[in-house]
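Undergrad: generate a structure from the sequence data that follows.
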Amino acid sequence: MNPRNTKATIFDVAERAGVSIKTVSRVVNNEPNVRERTRNRVLQSVRELSYQPNAAARELSGKRSRVIGLIYENAQEFGYLNDVFNGALGICEPAGYSLLLRPLTLPDSKITEHIRQFAINARLEGIVLPAPMGDLPEVLALLREMRIPFAAITPREPAPDEINILCNDEAASFSLTELLIGQGHQAIGFIKGHPDHGASAKRFAGYRHALKKNRFAYAAPLVRQGYFDFDSGRIAAGKLLDLAEPPSAILASNDDMAAGAIFEARERGLTIPGDLSVAGFDDTRFSSRIWPPLTTVRQPIIKMAETAAGLLIDKLNGSATKAPEAPFECEVVIRESTAHLT
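TA: Next comes the predicted model:
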């Protein structure tokens, strides 16, 4: 901690590390020709003092990094992340910004240390946070402490005065559930998404709302926990299909889990959609290429990532920024994996 209990300066860092101010500046600006031992000592002092270089001073001195970071959970489905990457990159490059990716594995007891190191070493000016990174209080607190602007994509609880990009997950899940009800399905299984993701709760809420509106009793055995990956979808579907009265349709909270459900059903000799209808969420690239093609919800993920990066760049450049008041609209895409119950 800074012994004077005031905001640390470059002089404090230099004194603690036993180096010159010029050396601290070279380390903070990620310049070459600094011995590794010296660099590590300076970075250790930076962490201990919670020193944050003045971004405005960097800009005035012509030393803006023009680098934006994108921190994501590496266990997420690739299709979703690929769209996020492409959307953000498509905005950053024309604007003269570099986009650096940083995967993290959750849970991570050292997540703030890893992000702080990433931000300092890469000289990040701003950060894009796909879910669930924008749901982690310790991450948000760190970025505010470091005075690094950020844009959160589909956070569970949008932070006031920050850039929040939202999507109508609950309404889309409601519509997809109503589609299955309209096809004559009365026992509809639901596979929840990862509990750390804000979208998971919203999609489950949409499912329950549709059941209630259509006077269907909620049945807890028809709901199973998944984690947004293929294997958890397959396991959850297996538990649903093992019920004495299994569902005639399964709604999975993303396409990867829906693909796992289809795989499990086929392993049991069931046909899709003859014996079991399956629907997903996200409309990732593979959803129209598997067999049968997947009924799902199309999120404008690329557009959402473009908006997040664009508003963040506007903020970094001193322009007024205001996230869209209305959430992005999702669209139900009907394909061959669902059908009327016969």
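
Undergrad: alpha carbons only for contacts and neighbour counts from here, please
TA: Noted.

Undergrad: quick one, helices of this protein?
TA: Listed in chain order, the helices of the chain (DSSP state H) span residues 10-17, 21-28, 36-49, 55-60, 78-92, 111-122, 137-145, 169-182, 198-213, 230-241, 255-267, 301-316.

Undergrad: quick check: mean pLDDT across the fourth one?
TA: Confidence for helix 55-60, expressed as mean pLDDT, is 45.

Undergrad: quick revisit: and of the helices of the chain, who's closest to residue 72?
TA: helix 78-92 (8.2 Å; CA to CA).

Undergrad: what residues of that closest one count as buried?
TA: By 16 or more other CA atoms under 10 Å, the buried positions in helix 78-92 come out as 79-81, 83-92.

Undergrad: possible to save those as CSV with distance to residue 276 and pLDDT?
TA: Supplementary listing: those in CSV, determined by distance: CA to CA, whole Å; pLDDT from 0 to 100:
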residue, distance to residue 276, pLDDT
79, 25, 73
80, 25, 80
81, 29, 86
83, 29, 88
84, 32, 92
85, 34, 92
86, 34, 91
87, 35, 93
88, 37, 94
89, 39, 92
90, 39, 92
91, 41, 92
92, 44, 92
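
Undergrad: and those, which two are the farthest apart?
TA: 79 and 92 (20.1 Å).

Undergrad: low-confidence regions, the stretch 1-150 of the chain specifically.
TA: 1-7, 11, 29-32, 53-63, 75-77 (pLDDT under 70).

Undergrad: okay, now the domains of the chain?
TA: According to automatic domain parsing, the chain comprises the domains 1-51, 169-299.

Undergrad: for residue 159, which of these is the nearest?
TA: It's domain 169-299; of those, that one is closest to residue 159 (CA to CA) at 13.0 Å.

Undergrad: what's the span of the closest one from first residue to last?
TA: 9 Å (CA to CA, to the nearest Å).

Undergrad: equivalent analysis for stretch 280-290, please.
TA: Using CA to CA, the end-to-end distance of stretch 280-290 comes to 12 Å.

Undergrad: show residues contacting that stretch.
TA: If you take CA atoms under 8 Å, 6 or more residues apart in numbering as the criterion, stretch 280-290 is touched by 79-80, 251-258, 293-299, 333.

Undergrad: now do stretch 118-128
TA: 28-30, 55, 65-71, 102, 148-153, 308-309, 312-313, 316.

Undergrad: returning to that earlier point: now the domains of the chain as TSV including distance to residue 163 and mean neighbour count?
TA: What follows is the domains of the chain, written out as TSV (distance: least, CA to CA, whole Å; neighbours: other CA atoms under 10 Å):
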stretch	distance to residue 163	mean neighbour count
domain 1-51	24	16
domain 169-299	16	21
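
Undergrad: would you mind pulling the contact partners of stretch 10-28?
TA: 2, 32, 34, 39, 41-43, 45-46, 49, 51, 53, 120-121, 123.

Undergrad: likewise for stretch 203-211?
TA: Contacts for stretch 203-211 (CA under 8 Å, 6+ apart): 169-175, 177-178, 190, 192, 217-218, 253.

Undergrad: before we move on, back to that, mark which of the contacts of stretch 118-128 are buried, thanks.
TA: Applying 16+ other CA under 10 Å to the contacts of stretch 118-128 flags 28-30, 55, 65-71, 148-153, 308-309, 312-313, 316 as buried.

Undergrad: before we move on, the earlier item: reformat the helices of the chain into a markdown table and put distance to residue 247 next to each item.
TA: As requested, these are exported to a markdown table (distance: least, CA to CA, whole Å):
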| stretch | distance to residue 247 |
| --- | --- |
| helix 10-17 | 63 |
| helix 21-28 | 58 |
| helix 36-49 | 54 |
| helix 55-60 | 56 |
| helix 78-92 | 28 |
| helix 111-122 | 40 |
| helix 137-145 | 38 |
| helix 169-182 | 11 |
| helix 198-213 | 14 |
| helix 230-241 | 7 |
| helix 255-267 | 12 |
| helix 301-316 | 30 |
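
Undergrad: which one of these lies closest to residue 223?
TA: Closest of those to residue 223 is helix 230-241, at 7.9 Å (criterion: CA to CA).

Undergrad: that closest one vs helix 255-267, what angle?
TA: For helix 230-241 against helix 255-267, the angle by axes from the mean of the first three to the mean of the last three CA atoms, to 10 degrees is 50 degrees.

Undergrad: which strands and helices sit next to helix 230-241?
TA: Counting contacts by 3 or more CA pairs under 8 Å, 6 or more residues apart in numbering; DSSP states H and E, helix 230-241 packs against strand 188-192, strand 223-225, helix 255-267.

Undergrad: the first one pairs with which strands, and in what direction?
TA: Meaning strand 188-192. strand 223-225 (parallel), strand 249-252 (parallel) (DSSP bridges).

Undergrad: can you tell me what sits against it?
TA: Strand 188-192 has contacts (CA under 8 Å, 6+ apart) with 180, 200, 203-204, 207, 222-227, 233, 236-237, 240, 247-253, 257.

Undergrad: can you lay out the strands paired with strand 188-192 as TSV showing distance to residue 97 and mean pLDDT?
TA: Listed next are the strands paired with strand 188-192 as TSV, based on distance: least, CA to CA, whole Å; pLDDT from 0 to 100:
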stretch	distance to residue 97	mean pLDDT
strand 223-225	39	98
strand 249-252	37	98
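
Undergrad: is residue 295 in a bridge, and if so with what?
TA: residue 279.

Undergrad: redo the helices and strands packed on helix 230-241 as a markdown table? Include distance to residue 143.
TA: Converted to a markdown table, the helices and strands packed on helix 230-241 look like this (distance: least, CA to CA, whole Å):
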| stretch | distance to residue 143 |
| --- | --- |
| strand 188-192 | 30 |
| strand 223-225 | 31 |
| helix 255-267 | 31 |
